[in-house]
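1. sharing a model that was predicted from the sequence below.
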Amino acid sequence: MHEPITNPTQLTPRWLTEALRKSGSLLQGEVEKVICSQHKKTFTATIAYLQMKYSVDASRTAPERLFLKMSGETTATELGSLGGRKENDPMNVSPAYSEIVDFIAAGTTPQGLVAFRPSEAAKERVADLIHREKTTGLTTEETAELNHYLQLEHLMRLAKARAHHYLKDE
């Protein structure tokens, strides 16, 4: 498990068994089959939705579904096929919202929630907005974007605190 997964086709039962053991999610048994029910590319990553079939001696607490987020550059051709963002489009959401929406839509566990981290691009964008807010000022749209990031951060902190509470009770 030394090589990172960069494509959903690289997922094997052995790799996933090792990953789940390392995380403490699979105490006994093994993954016998990995089904990638869907995968999609975003601007910053590829997300694969997985279903697992386990050996009969596998831990009952082993997750039945997971999603795997793989970092990767999106090419200009892929970006072009995604289409431009339209001003009045209801799906026109900030990249921060898109990351959270993808995370929620894929489903997760308390462990997955605790482990969630924003992308490097999102962290860099927030740092830039905060720096410019303190130095040169922001446009109305940028101020709204920064406020959205801060609201999402607050929401994720609350959710992570609740997830820690659930994990403590297990």
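-> Arrived safely. Since the model is a prediction, treat every value here as computed from it, not as a measurement.
2. show me the strands in the protein, by range?
-> All strands of the chain, identified by DSSP state E, fall at 31-41, 45-54, 65-71.
3. as TSV, those strands with distance to Leu129 and mean neighbour count would be great.
-> C-beta: built from backbone N, CA, C; applies to glycine. Listed next are the strands of the chain as TSV, based on distance: least, C-beta to C-beta, whole Å; neighbours: other C-beta atoms under 10 Å:
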stretch	distance to Leu129	mean neighbour count
strand 31-41	26	14
strand 45-54	21	19
strand 65-71	22	17
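4. could you chop the protein up by domain?
-> Domain ranges of the chain: 1-84, 91-170, per automatic domain parsing.
5. can you flag the weakest of these by average pLDDT?
-> Lowest mean pLDDT within those: domain 1-84, at a mean of 74.
6. how distant is it from the center of its chain?
-> The chain centre lies 11 Å from the centre of domain 1-84; the measure is C-alpha atoms, centre = their mean, to the nearest Å.
7. again with stretch 99-108
-> 6 Å.
8. now do the buried residues in it.
-> 99-100, 103, 106, 108 (16 or more other C-beta atoms under 10 Å).
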